[in-house]
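> heads up, no residue letters with this:
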Ligand code: GDP
Ligand code: IMO
Ligand code: MG
(Lines give C-alpha, C1' and ligand atoms only; values in the text may rest on other atoms or scores of the structure.)
(Ligands and ions follow the chains in the order given, each with its own letter.)
Protein backbone atom coordinates (compact mmCIF):
# COMPACT_ATOMS: atom_id res chain seq x y z
CA UNK A 1 0.00 0.00 0.00
CA UNK A 2 1.28 3.41 -0.99
CA UNK A 3 0.14 6.85 0.21
CA UNK A 4 1.38 10.03 -1.40
CA UNK A 5 2.16 13.47 0.01
CA UNK A 6 2.55 16.19 -2.58
CA UNK A 7 2.32 19.95 -3.03
CA UNK A 8 -0.82 21.45 -4.58
CA UNK A 9 0.56 24.90 -5.37
CA UNK A 10 3.89 26.14 -6.79
CA UNK A 11 6.11 24.34 -4.28
CA UNK A 12 7.29 25.07 -0.73
CA UNK A 13 3.94 24.15 0.80
CA UNK A 14 5.71 22.53 3.75
CA UNK A 15 5.99 19.00 2.34
CA UNK A 16 9.18 18.28 4.29
CA UNK A 17 7.61 19.06 7.64
CA UNK A 18 4.46 17.07 6.87
CA UNK A 19 6.32 14.02 5.53
CA UNK A 20 8.49 14.07 8.67
CA UNK A 21 5.31 14.22 10.77
CA UNK A 22 3.57 11.33 9.00
CA UNK A 23 6.69 9.18 8.55
CA UNK A 24 6.10 7.42 11.88
CA UNK A 25 3.12 5.63 10.32
CA UNK A 26 5.14 4.19 7.43
CA UNK A 27 8.00 1.75 6.85
CA UNK A 28 9.45 3.24 3.69
CA UNK A 29 9.57 6.86 2.49
CA UNK A 30 10.44 7.44 -1.16
CA UNK A 31 11.15 10.44 -3.37
CA UNK A 32 9.75 9.86 -6.86
CA UNK A 33 10.77 12.93 -8.88
CA UNK A 34 12.69 16.20 -8.89
CA UNK A 35 16.18 16.65 -7.58
CA UNK A 36 18.21 19.27 -5.72
CA UNK A 37 15.83 21.99 -6.95
CA UNK A 38 13.76 20.90 -3.94
CA UNK A 39 14.39 22.32 -0.49
CA UNK A 40 12.40 20.58 2.24
CA UNK A 41 12.80 22.16 5.67
CA UNK A 42 12.59 20.11 8.86
CA UNK A 43 13.19 20.92 12.49
CA UNK A 44 14.88 18.11 14.36
CA UNK A 45 15.64 18.69 18.04
CA UNK A 46 14.76 22.32 17.32
CA UNK A 47 17.59 22.48 14.80
CA UNK A 48 16.76 23.37 11.20
CA UNK A 49 17.85 21.18 8.31
CA UNK A 50 16.99 21.51 4.63
CA UNK A 51 16.84 18.31 2.60
CA UNK A 52 17.18 18.44 -1.16
CA UNK A 53 17.25 14.85 -2.36
CA UNK A 54 17.14 12.62 0.70
CA UNK A 55 13.54 11.73 1.66
CA UNK A 56 12.15 13.50 4.72
CA UNK A 57 11.73 10.21 6.60
CA UNK A 58 15.47 10.02 7.24
CA UNK A 59 15.25 11.22 10.85
CA UNK A 60 13.10 8.29 11.92
CA UNK A 61 15.13 5.31 13.03
CA UNK A 62 14.22 1.97 11.48
CA UNK A 63 12.63 3.59 8.43
CA UNK A 64 13.81 2.84 4.92
CA UNK A 65 14.36 5.86 2.65
CA UNK A 66 14.50 5.40 -1.10
CA UNK A 67 15.57 7.79 -3.85
CA UNK A 68 13.51 6.53 -6.75
CA UNK A 69 14.27 6.24 -10.46
CA UNK A 70 12.16 9.34 -11.24
CA UNK A 71 14.62 11.60 -9.39
CA UNK A 72 17.58 13.31 -11.05
CA UNK A 73 20.42 13.03 -8.57
CA UNK A 74 23.33 15.37 -8.02
CA UNK A 75 26.07 13.34 -6.30
CA UNK A 76 27.79 16.46 -4.98
CA UNK A 77 24.65 17.66 -3.19
CA UNK A 78 23.93 14.12 -2.00
CA UNK A 79 27.34 13.77 -0.34
CA UNK A 80 26.84 17.07 1.50
CA UNK A 81 23.34 16.04 2.59
CA UNK A 82 24.58 12.69 3.86
CA UNK A 83 27.22 14.47 5.91
CA UNK A 84 24.60 16.88 7.24
CA UNK A 85 22.17 14.15 8.34
CA UNK A 86 25.05 12.17 9.86
CA UNK A 87 25.76 15.17 12.10
CA UNK A 88 22.26 14.56 13.54
CA UNK A 89 23.25 10.97 14.28
CA UNK A 90 21.57 9.40 11.22
CA UNK A 91 23.16 6.19 9.95
CA UNK A 92 22.48 6.75 6.25
CA UNK A 93 24.50 3.68 5.28
CA UNK A 94 21.75 1.69 6.93
CA UNK A 95 18.64 3.65 6.00
CA UNK A 96 19.24 5.24 2.59
CA UNK A 97 18.75 3.37 -0.68
CA UNK A 98 19.08 4.62 -4.25
CA UNK A 99 17.59 3.15 -7.39
CA UNK A 100 20.15 2.18 -10.02
CA UNK A 101 17.84 3.70 -12.66
CA UNK A 102 18.06 7.19 -11.14
CA UNK A 103 19.60 9.64 -13.62
CA UNK A 104 22.67 11.62 -12.68
CA UNK A 105 23.03 15.38 -12.83
CA UNK A 106 26.45 16.11 -14.33
CA UNK A 107 28.50 19.32 -14.01
CA UNK A 108 27.69 20.18 -17.62
CA UNK A 109 23.95 19.89 -16.88
CA UNK A 110 24.34 22.74 -14.42
CA UNK A 111 26.22 24.76 -17.04
CA UNK A 112 23.54 23.99 -19.64
CA UNK A 113 20.83 25.13 -17.21
CA UNK A 114 22.67 28.42 -16.78
CA UNK A 115 23.18 28.78 -20.54
CA UNK A 116 19.50 28.11 -21.21
CA UNK A 117 18.44 30.81 -18.76
CA UNK A 118 20.99 33.31 -20.14
CA UNK A 119 19.78 32.75 -23.69
CA UNK A 120 16.15 33.40 -22.70
CA UNK A 121 16.69 37.09 -21.95
CA UNK A 122 13.50 38.46 -20.41
CA UNK A 123 11.68 35.12 -20.62
CA UNK A 124 13.74 33.38 -17.95
CA UNK A 125 12.02 30.49 -16.15
CA UNK A 126 13.80 31.46 -12.96
CA UNK A 127 15.24 27.96 -12.69
CA UNK A 128 17.14 26.97 -9.56
CA UNK A 129 20.20 26.45 -11.83
CA UNK A 130 20.71 22.96 -10.41
CA UNK A 131 20.78 21.31 -13.84
CA UNK A 132 17.28 19.82 -13.56
CA UNK A 133 15.95 20.64 -17.05
CA UNK A 134 19.07 19.47 -18.93
CA UNK A 135 19.30 16.25 -16.87
CA UNK A 136 15.67 15.35 -17.69
CA UNK A 137 16.31 16.30 -21.33
CA UNK A 138 19.14 13.78 -21.43
CA UNK A 139 16.83 11.20 -19.88
CA UNK A 140 14.03 11.62 -22.42
CA UNK A 141 16.61 12.23 -25.16
CA UNK A 142 18.09 8.84 -24.25
CA UNK A 143 21.57 10.12 -23.56
CA UNK A 144 21.71 10.37 -19.76
CA UNK A 145 23.86 8.41 -17.33
CA UNK A 146 22.31 6.58 -14.41
CA UNK A 147 23.44 5.67 -10.92
CA UNK A 148 23.83 2.03 -12.01
CA UNK A 149 26.28 3.14 -14.71
CA UNK A 150 28.72 4.21 -11.99
CA UNK A 151 29.45 0.56 -11.34
CA UNK A 152 30.38 0.00 -15.01
CA UNK A 153 34.09 0.13 -15.73
CA UNK A 154 33.36 2.22 -18.84
CA UNK A 155 31.67 4.98 -16.85
CA UNK A 156 34.43 7.55 -17.44
CA UNK A 157 34.41 6.94 -21.20
CA UNK A 158 30.62 7.33 -21.30
CA UNK A 159 30.92 10.46 -19.19
CA UNK A 160 33.52 12.05 -21.50
CA UNK A 161 31.40 11.27 -24.57
CA UNK A 162 28.38 13.03 -23.07
CA UNK A 163 30.50 15.90 -21.80
CA UNK A 164 31.77 16.50 -25.35
CA UNK A 165 28.21 16.56 -26.64
CA UNK A 166 27.30 19.13 -23.99
CA UNK A 167 30.44 21.12 -24.66
CA UNK A 168 29.34 21.79 -28.22
CA UNK A 169 26.18 23.42 -26.88
CA UNK A 170 28.24 25.53 -24.50
CA UNK A 171 30.63 26.93 -27.14
CA UNK A 172 29.31 30.46 -26.80
CA UNK A 173 29.64 30.51 -23.03
CA UNK A 174 32.63 30.89 -20.84
CA UNK A 175 31.90 28.22 -18.25
CA UNK A 176 35.08 26.15 -18.63
CA UNK A 177 36.64 27.07 -15.34
CA UNK A 178 33.42 26.50 -13.41
CA UNK A 179 32.85 23.12 -15.06
CA UNK A 180 36.39 21.96 -14.22
CA UNK A 181 35.87 22.96 -10.61
CA UNK A 182 32.48 21.20 -10.43
CA UNK A 183 34.02 18.13 -12.08
CA UNK A 184 36.58 17.77 -9.34
CA UNK A 185 33.81 17.72 -6.73
CA UNK A 186 31.71 15.45 -8.95
CA UNK A 187 34.32 12.70 -9.23
CA UNK A 188 34.98 12.84 -5.53
CA UNK A 189 31.21 12.55 -4.88
CA UNK A 190 30.64 9.64 -7.24
CA UNK A 191 33.26 7.63 -5.33
CA UNK A 192 31.15 8.31 -2.26
CA UNK A 193 27.88 7.48 -4.05
CA UNK A 194 29.21 4.16 -5.38
CA UNK A 195 29.54 2.95 -1.82
CA UNK A 196 25.96 3.70 -0.81
CA UNK A 197 23.12 1.16 -1.10
CA UNK A 198 22.40 1.06 -4.83
CA UNK A 199 19.42 -1.19 -5.47
CA UNK A 200 17.00 -2.32 -8.12
CA UNK A 201 14.38 0.16 -6.91
CA UNK A 202 11.31 -1.38 -8.53
CA UNK A 203 11.85 -4.87 -7.07
CA UNK A 204 13.01 -3.35 -3.80
CA UNK A 205 9.83 -1.35 -3.28
CA UNK A 206 7.41 -3.96 -4.64
CA UNK A 207 8.90 -6.67 -2.41
CA UNK A 208 8.32 -4.45 0.59
CA UNK A 209 4.73 -3.70 -0.48
CA UNK A 210 4.11 -7.42 -0.93
CA UNK A 211 5.31 -8.00 2.63
CA UNK A 212 2.67 -5.57 3.86
CA UNK A 213 4.98 -2.64 4.51
CA UNK A 214 3.53 0.85 4.24
CA UNK A 215 5.08 3.21 1.74
CA UNK A 216 4.89 7.00 1.72
CA UNK A 217 5.79 8.69 -1.56
CA UNK A 218 7.13 12.23 -1.08
CA UNK A 219 6.61 14.75 -3.85
CA UNK A 220 8.85 17.68 -4.64
CA UNK A 221 7.88 20.99 -6.24
CA UNK A 222 4.10 21.38 -6.63
CA UNK A 223 1.27 20.45 -8.98
CA UNK A 224 1.32 23.86 -10.67
CA UNK A 225 4.98 23.23 -11.58
CA UNK A 226 4.18 19.87 -13.22
CA UNK A 227 5.67 19.61 -16.70
CA UNK A 228 2.30 18.67 -18.25
CA UNK A 229 -0.30 20.41 -16.11
CA UNK A 230 1.60 23.32 -14.60
CA UNK A 231 1.90 26.85 -15.92
CA UNK A 232 4.02 25.76 -18.88
CA UNK A 233 6.68 26.81 -19.80
CA UNK A 234 7.19 28.20 -16.29
CA UNK A 235 7.35 24.76 -14.73
CA UNK A 236 9.91 22.21 -13.67
CA UNK A 237 10.82 19.25 -15.89
CA UNK A 238 9.23 16.34 -14.03
CA UNK A 239 5.81 14.85 -13.25
CA UNK A 240 5.14 16.31 -9.84
CA UNK A 241 1.61 14.87 -9.63
CA UNK A 242 0.40 11.56 -8.22
CA UNK A 243 0.78 9.87 -11.64
CA UNK A 244 4.52 10.51 -11.29
CA UNK A 245 4.59 8.08 -8.35
CA UNK A 246 3.94 5.13 -10.66
CA UNK A 247 6.65 5.95 -13.19
CA UNK A 248 9.02 7.44 -10.63
CA UNK A 249 9.07 4.40 -8.36
CA UNK A 250 7.78 1.52 -10.44
CA UNK A 251 4.59 0.96 -8.48
CA UNK A 252 1.23 0.18 -10.09
CA UNK A 253 -1.67 2.66 -9.75
CA UNK A 254 -3.84 0.15 -7.83
CA UNK A 255 -1.26 0.26 -5.03
CA UNK A 256 -1.90 3.96 -4.36
CA UNK A 257 -4.42 4.68 -1.63
CA UNK A 258 -4.40 8.11 -0.02
CA UNK A 259 -3.19 11.20 -1.85
CA UNK A 260 -2.50 13.86 0.76
CA UNK A 261 -2.30 17.29 -0.80
CA UNK A 262 -0.51 20.14 0.95
CA UNK A 263 -1.47 23.77 0.56
CA UNK A 264 -0.44 26.84 2.44
CA UNK A 265 -3.25 28.94 3.93
CA UNK A 266 -2.10 31.50 1.34
CA UNK A 267 0.06 31.02 -1.73
CA UNK A 268 3.66 31.54 -2.86
CA UNK A 269 5.71 31.09 -5.97
CA UNK A 270 9.44 31.44 -6.57
CA UNK A 271 10.72 32.09 -10.09
CA UNK A 272 8.84 33.49 -13.07
CA UNK A 273 5.40 32.71 -14.44
CA UNK A 274 1.71 33.44 -13.92
CA UNK A 275 0.36 33.85 -10.40
CA UNK A 276 -3.21 35.25 -10.49
CA UNK A 277 -3.50 35.95 -6.75
CA UNK A 278 -0.09 37.57 -6.36
CA UNK A 279 0.02 40.57 -4.02
CA UNK A 280 2.63 43.16 -4.87
CA UNK A 281 1.46 45.47 -2.09
CA UNK A 282 2.05 45.76 1.65
CA UNK A 283 0.00 42.60 2.35
CA UNK A 284 2.32 40.65 0.03
CA UNK A 285 5.31 42.06 1.91
CA UNK A 286 3.66 41.16 5.20
CA UNK A 287 3.18 37.52 4.10
CA UNK A 288 6.79 37.32 2.91
CA UNK A 289 8.18 38.65 6.18
CA UNK A 290 5.80 36.88 8.56
CA UNK A 291 6.07 33.60 6.64
CA UNK A 292 9.82 33.98 6.10
CA UNK A 293 9.14 33.36 2.44
CA UNK A 294 12.64 33.07 1.05
CA UNK A 295 13.66 30.06 -1.05
CA UNK A 296 15.02 27.09 0.94
CA UNK A 297 17.31 26.19 -1.97
CA UNK A 298 18.22 29.53 -3.55
CA UNK A 299 17.37 32.11 -0.86
CA UNK A 300 15.34 34.12 -3.40
CA UNK A 301 12.36 36.09 -2.05
CA UNK A 302 9.15 34.20 -2.79
CA UNK A 303 6.24 35.95 -4.46
CA UNK A 304 3.23 35.89 -2.10
CA UNK A 305 -0.53 36.09 -2.55
CA UNK A 306 -3.92 34.82 -1.42
CA UNK A 307 -4.99 31.19 -1.62
CA UNK A 308 -6.21 30.28 -5.12
CA UNK A 309 -9.10 27.81 -5.05
CA UNK A 310 -9.37 27.61 -8.84
CA UNK A 311 -5.81 26.28 -9.03
CA UNK A 312 -6.31 24.11 -5.91
CA UNK A 313 -9.45 22.56 -7.35
CA UNK A 314 -7.54 21.76 -10.54
CA UNK A 315 -4.69 20.22 -8.49
CA UNK A 316 -7.18 18.10 -6.49
CA UNK A 317 -8.66 16.85 -9.76
CA UNK A 318 -5.44 15.81 -11.50
CA UNK A 319 -3.98 14.23 -8.37
CA UNK A 320 -7.06 12.53 -6.98
CA UNK A 321 -6.46 14.21 -3.63
CA UNK A 322 -8.24 12.43 -0.79
CA UNK A 323 -7.35 14.80 2.05
CA UNK A 324 -5.71 18.16 2.51
CA UNK A 325 -3.15 19.46 4.98
CA UNK A 326 -3.16 23.23 5.32
CA UNK A 327 0.16 24.69 6.47
CA UNK A 328 1.25 28.09 7.73
CA UNK A 329 -2.21 29.02 9.00
CA UNK A 330 -0.42 30.82 11.86
CA UNK A 331 1.03 33.32 9.39
CA UNK A 332 -2.48 34.76 8.88
CA UNK A 333 -2.96 35.20 12.64
CA UNK A 334 -2.82 38.99 12.71
CA UNK A 335 -4.71 39.83 9.52
CA UNK A 336 -8.09 41.60 9.84
CA UNK A 337 -9.36 40.34 6.50
CA UNK A 338 -8.53 37.27 4.41
CA UNK A 339 -9.24 36.78 0.73
CA UNK A 340 -9.91 33.55 -1.10
CA UNK A 341 -9.84 33.42 -4.90
CA UNK A 342 -13.00 31.65 -6.07
CA UNK A 343 -12.91 32.51 -9.77
CA UNK A 344 -10.63 33.88 -12.44
CA UNK A 345 -11.64 36.92 -14.45
CA UNK A 346 -10.41 36.37 -17.98
CA UNK A 347 -11.23 39.22 -20.37
CA UNK A 348 -13.90 40.29 -17.89
CA UNK A 349 -15.54 36.84 -17.83
CA UNK A 350 -15.67 34.73 -14.68
CA UNK A 351 -14.24 31.23 -14.99
CA UNK A 352 -13.41 28.44 -12.56
CA UNK A 353 -11.09 26.68 -15.00
CA UNK A 354 -7.29 26.80 -15.18
CA UNK A 355 -6.76 27.81 -18.80
CA UNK A 356 -4.18 26.71 -21.37
CA UNK A 357 -1.31 29.23 -21.60
CA UNK A 358 -2.10 31.07 -18.41
CA UNK A 359 0.92 33.23 -19.12
CA UNK A 360 -0.46 34.62 -22.38
CA UNK A 361 -3.64 36.06 -20.90
CA UNK A 362 -4.41 38.61 -18.28
CA UNK A 363 -6.04 36.83 -15.39
CA UNK A 364 -7.49 38.67 -12.45
CA UNK A 365 -8.77 36.99 -9.33
CA UNK A 366 -12.35 37.29 -8.06
CA UNK A 367 -12.31 37.00 -4.28
CA UNK A 368 -14.54 36.04 -1.40
CA UNK A 369 -13.65 37.99 1.71
CA UNK A 370 -13.39 36.46 5.20
CA UNK A 371 -12.89 37.90 8.61
CA UNK A 372 -9.42 37.21 10.03
CA UNK A 373 -9.19 35.29 13.31
CA UNK A 374 -6.86 37.73 15.01
CA UNK A 375 -5.66 35.12 17.48
CA UNK A 376 -2.30 33.50 18.09
CA UNK A 377 -3.06 29.91 17.03
CA UNK A 378 0.51 28.60 17.23
CA UNK A 379 0.01 26.90 20.59
CA UNK A 380 -3.47 25.51 20.02
CA UNK A 381 -3.48 21.74 19.87
CA UNK A 382 -7.08 20.83 19.04
CA UNK A 383 -9.36 21.99 16.27
CA UNK A 384 -12.22 22.61 18.71
CA UNK A 385 -10.13 25.36 20.32
CA UNK A 386 -9.47 27.09 17.00
CA UNK A 387 -11.22 30.45 16.52
CA UNK A 388 -14.60 30.40 14.81
CA UNK A 389 -13.33 32.68 12.01
CA UNK A 390 -10.81 30.01 11.07
CA UNK A 391 -13.46 27.30 11.11
CA UNK A 392 -15.56 29.41 8.73
CA UNK A 393 -12.55 29.87 6.44
CA UNK A 394 -11.75 26.12 6.43
CA UNK A 395 -15.40 25.21 5.94
CA UNK A 396 -15.62 27.35 2.81
CA UNK A 397 -12.52 25.70 1.38
CA UNK A 398 -13.86 22.22 2.15
CA UNK A 399 -17.14 23.03 0.43
CA UNK A 400 -15.46 24.54 -2.61
CA UNK A 401 -12.97 21.71 -3.15
CA UNK A 402 -15.15 18.82 -2.08
CA UNK A 403 -12.06 17.39 -0.36
CA UNK A 404 -11.66 17.74 3.40
CA UNK A 405 -8.92 19.70 5.10
CA UNK A 406 -7.84 17.11 7.68
CA UNK A 407 -4.90 18.85 9.33
CA UNK A 408 -3.88 22.41 10.08
CA UNK A 409 -0.20 23.13 10.58
CA UNK A 410 0.24 26.06 12.95
CA UNK A 411 4.00 26.47 13.14
CA UNK A 412 7.23 25.08 11.73
CA UNK A 413 7.84 22.81 14.75
CA UNK A 414 7.54 19.05 14.48
CA UNK A 415 4.49 18.82 16.71
CA UNK A 416 2.73 22.00 15.59
CA UNK A 417 -0.09 20.31 13.75
CA UNK A 418 -3.75 19.94 14.62
CA UNK A 419 -5.97 17.22 13.24
CA UNK A 420 -9.60 17.80 12.27
CA UNK A 421 -11.82 14.86 13.10
P1 LIG B 1 8.67 22.25 1.10
O2 LIG B 1 9.61 22.50 -0.02
O3 LIG B 1 7.28 22.01 0.63
O4 LIG B 1 9.13 21.17 2.03
O5 LIG B 1 8.61 23.61 1.96
P6 LIG B 1 9.87 24.52 2.38
O7 LIG B 1 10.65 23.83 3.45
O8 LIG B 1 10.63 24.97 1.18
O9 LIG B 1 9.13 25.81 2.91
C10 LIG B 1 8.20 25.75 3.94
C11 LIG B 1 8.67 26.66 5.08
O12 LIG B 1 7.62 26.88 5.98
C13 LIG B 1 9.80 26.08 5.90
O14 LIG B 1 10.62 27.11 6.36
C15 LIG B 1 9.06 25.41 7.06
O16 LIG B 1 9.86 25.33 8.25
C17 LIG B 1 7.94 26.38 7.27
N18 LIG B 1 6.68 25.80 7.77
C19 LIG B 1 6.08 24.62 7.45
N20 LIG B 1 4.87 24.53 8.03
C21 LIG B 1 4.70 25.66 8.74
C22 LIG B 1 3.63 26.18 9.53
O23 LIG B 1 2.57 25.59 9.68
N24 LIG B 1 3.81 27.43 10.08
C25 LIG B 1 4.96 28.14 9.91
N26 LIG B 1 5.05 29.34 10.49
N27 LIG B 1 5.98 27.69 9.16
C28 LIG B 1 5.85 26.47 8.57
P1 IMO C 1 10.19 22.23 -3.35
O2 IMO C 1 10.29 20.73 -3.47
C3 IMO C 1 9.49 26.05 -5.31
C4 IMO C 1 10.75 26.38 -9.51
C5 IMO C 1 11.91 27.30 -9.82
C6 IMO C 1 11.54 27.74 -11.23
C7 IMO C 1 10.93 26.46 -11.82
C8 IMO C 1 11.90 25.63 -12.65
O9 IMO C 1 11.09 22.80 -2.32
O10 IMO C 1 8.77 22.65 -3.24
P11 IMO C 1 13.96 24.06 -12.04
O12 IMO C 1 15.22 24.35 -11.27
O13 IMO C 1 13.14 22.98 -11.47
O14 IMO C 1 14.23 23.86 -13.51
O15 IMO C 1 13.11 25.43 -11.93
O16 IMO C 1 10.48 25.70 -10.72
N17 IMO C 1 11.05 25.36 -8.47
C18 IMO C 1 10.57 25.40 -7.22
N19 IMO C 1 9.82 26.34 -6.58
N20 IMO C 1 9.84 24.90 -4.68
C21 IMO C 1 10.56 23.96 -5.30
O22 IMO C 1 10.80 22.75 -4.74
C23 IMO C 1 11.00 24.20 -6.62
N24 IMO C 1 11.73 23.49 -7.51
C25 IMO C 1 11.74 24.22 -8.63
O26 IMO C 1 11.97 28.38 -8.93
O27 IMO C 1 10.53 28.71 -11.18
MG1 MG D 1 10.92 23.99 -0.67
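Received, thanks. These figures come from a predicted structure and were not determined experimentally. Numbers count the residues shown, from 1 in each chain. Ligands and ions are numbered 1, 2, ... in the order given.
> Within range of ligand 1, give me the residues from the stretch 1-150 of the chain.
7, 11-17, 38-41 (CB under 6 Å from any ligand atom). (Glycine included, C-beta is placed from N, CA and C.)
> Number of residues surrounding residue 149?
Residues contacting residue 149 under the criterion other CB atoms under 10 Å number 16.
> Contact partners for it?
Contact analysis of residue 149 by CB atoms under 8 Å, 6 or more residues apart in numbering lists 104, 155, 158.
> For stretch 234-251, give the mean pLDDT please.
Taken as a whole, stretch 234-251 has an average pLDDT of 98.
> That one near ligand 2 anywhere?
Yes. Shown here: stretch 234-251 in contact with ligand 2 (CB under 6 Å from any ligand atom) through 236-237.
> in that stretch, what counts as buried?
Under the neighbour-count criterion of 16 or more other CB atoms under 10 Å, stretch 234-251 has 234-246, 248-251 buried.
> Could you tell me which of the residues you listed belong to strands?
With DSSP state E as the criterion, strands contain none of the buried residues of stretch 234-251.
> mind checking the SS state of residue 368?
strand (DSSP: H, G, I helix; E, B strand; the rest coil).
> Quick check: it vs ligand 1, distance?
Distance of residue 368 to ligand 1, computed by CB to the nearest ligand atom, to the nearest Å: 23 Å.
> hang on, that residue packs against residue 393?
No. Judged on CB atoms under 8 Å, residue 368 makes no contact with residue 393 at a distance of 9.8 Å.
> State which one residue of the chain is found closest to ligand 2.
The nearest approach of the chain to ligand 2 comes at residue 271, 2.0 Å away (CB to the nearest ligand atom).
> The residue of the stretch 51-200 of the chain found nearest ligand 1: which element?
Nearest to ligand 1 in the stretch 51-200 of the chain, going by CB to the nearest ligand atom, is residue 56, at a distance of 7.4 Å. Under the criterion DSSP states H and E, no helix or strand holds residue 56.
> so what's it closest to, chain neighbours aside?
Leaving aside its chain neighbours, residue 56 sits nearest to residue 19 (3.8 Å; criterion: CB to CB, 6 or more residues apart in numbering).
> Tell me which residues touch the one you found, please.
For residue 19, the contact set (CB under 8 Å, 6+ apart) comprises 5, 29, 40, 55-57, 216, 218.
> surely residue 381 meets residue 418?
Yes. Between residue 381 and residue 418 there is a contact at 6.2 Å, judged by CB under 8 Å.
> More neighbours: which of those two?
The neighbour count for residue 381 versus residue 418, taken as other CB under 10 Å, is higher for residue 418 (18 against 11).
> Validate this expectation: that one resides in a helix.
No. Per three-state DSSP, residue 418 lies outside any helix segment and is strand.
> which phi and psi does the residue lying closest to it once chain neighbours are set aside have?
What sits nearest to residue 418 in space, not counting adjacent residues and going by CB to CB, 6+ apart, is residue 408, at 4.8 Å. Phi and psi for residue 408, reported as degrees, to the nearest 10, are phi -120, psi 120.
> Report the closest residue of the stretch 151-300 of the chain relative to ligand 3.
Taking CB to the ion, ligand 3 has its nearest neighbour within the stretch 151-300 of the chain at residue 296, 4.3 Å off.
> what does the stretch 251-400 of the chain put close to ligand 1?
Contact residues, the stretch 251-400 of the chain versus ligand 1 (CB under 6 Å from any ligand atom): 296, 327-328, 330-331.
> Give the residue spans of the chain that score low on pLDDT.
Nowhere does the chain drop to pLDDT under 70.
> residues from it in reach of ligand 3?
Within the chain, the residues that sit near ligand 3 (CB under 5 Å from the ion) are 12, 39, 296.
> about what we covered before: among the residues of the stretch 251-400 of the chain next to ligand 1, name the ones in strands.
Per DSSP E, those map to strands at residue 327.
> Output the contacts of residue 149 in a markdown table, with secondary structure and distance to residue 412 appended to each entry.
As requested, the contacts of residue 149 are exported to a markdown table (DSSP: H, G, I helix; E, B strand; the rest coil; distance: CB to CB, whole Å):
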| residue | secondary structure | distance to residue 412 |
| --- | --- | --- |
| 104 | strand | 32 |
| 155 | helix | 41 |
| 158 | helix | 43 |
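> got JSON lines for these, with neighbour count too?
Output for those, formatted as JSON lines (neighbours: other CB atoms under 10 Å):
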{"residue": "104", "neighbour count": "27"}
{"residue": "155", "neighbour count": "16"}
{"residue": "158", "neighbour count": "13"}
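> Which parts of the stretch 201-350 of the chain are strands?
Taking DSSP state E, counting those that start in this stretch as the test, the strands found in the stretch 201-350 of the chain are 215-218, 256-264, 267-269, 303-305, 307-308, 323-327, 337-346, 349-351.
> Please see if the fourth one touches ligand 2.
It stands for strand 303-305. No. On the criterion CB under 6 Å from any ligand atom, strand 303-305 is out of touch with ligand 2, staying 10.0 Å away.
> Check which helices and strands that strand sits against.
Using 3 or more CB pairs under 8 Å, 6 or more residues apart in numbering; DSSP states H and E as the contact test, the elements touching strand 303-305 are strand 267-269, helix 282-290.
> End to end on stretch 377-397, go ahead and measure it.
Using CA to CA, to the nearest Å, the end-to-end distance of stretch 377-397 comes to 19 Å.
> so what sits against both of residue 368 and residue 393?
Shared contacts of residue 368 and residue 393, defined by CB under 8 Å, 6+ apart, are found at residue 340.
> neighbour count winner among these two?
Legend: neighbour count by other CB under 10 Å for residue 368 and residue 393, higher for residue 393 (25 against 15).
> For residue 20, see how far away the residue nearest to residue 265 when sequence neighbours are not counted is.
Spatially, and ignoring its direct neighbours in sequence, residue 265 is nearest to residue 329 (4.4 Å; CB to CB, 6+ apart). Applying CB to CB, to the nearest Å, the value for residue 329 to residue 20 is 18 Å.
> tell me the domain ranges of the chain?
Listed domain ranges for the chain are 2-102+198-259, 104-194, 264-419 (source: automatic domain parsing).
> tell me the most buried of those domains?
Counting by mean count of other CB atoms under 10 Å, domain 2-102+198-259 has the highest mean neighbour count of the domains of the chain, with a mean of 21.
> so what does the longest helix along the chain touch, helix or strand wise?
Secondary structure assigned by DSSP state H gives helix 176-194 as the longest helix of the chain. In terms of contacts (3+ CB pairs under 8 Å, 6+ apart), helix 176-194 is packed against helix 75-86, helix 107-119.
> Format those helices as a markdown table; extra columns: distance to residue 224.
Formatted as a markdown table, those follow (distance: least, CB to CB, whole Å):
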| stretch | distance to residue 224 |
| --- | --- |
| helix 75-86 | 24 |
| helix 107-119 | 20 |
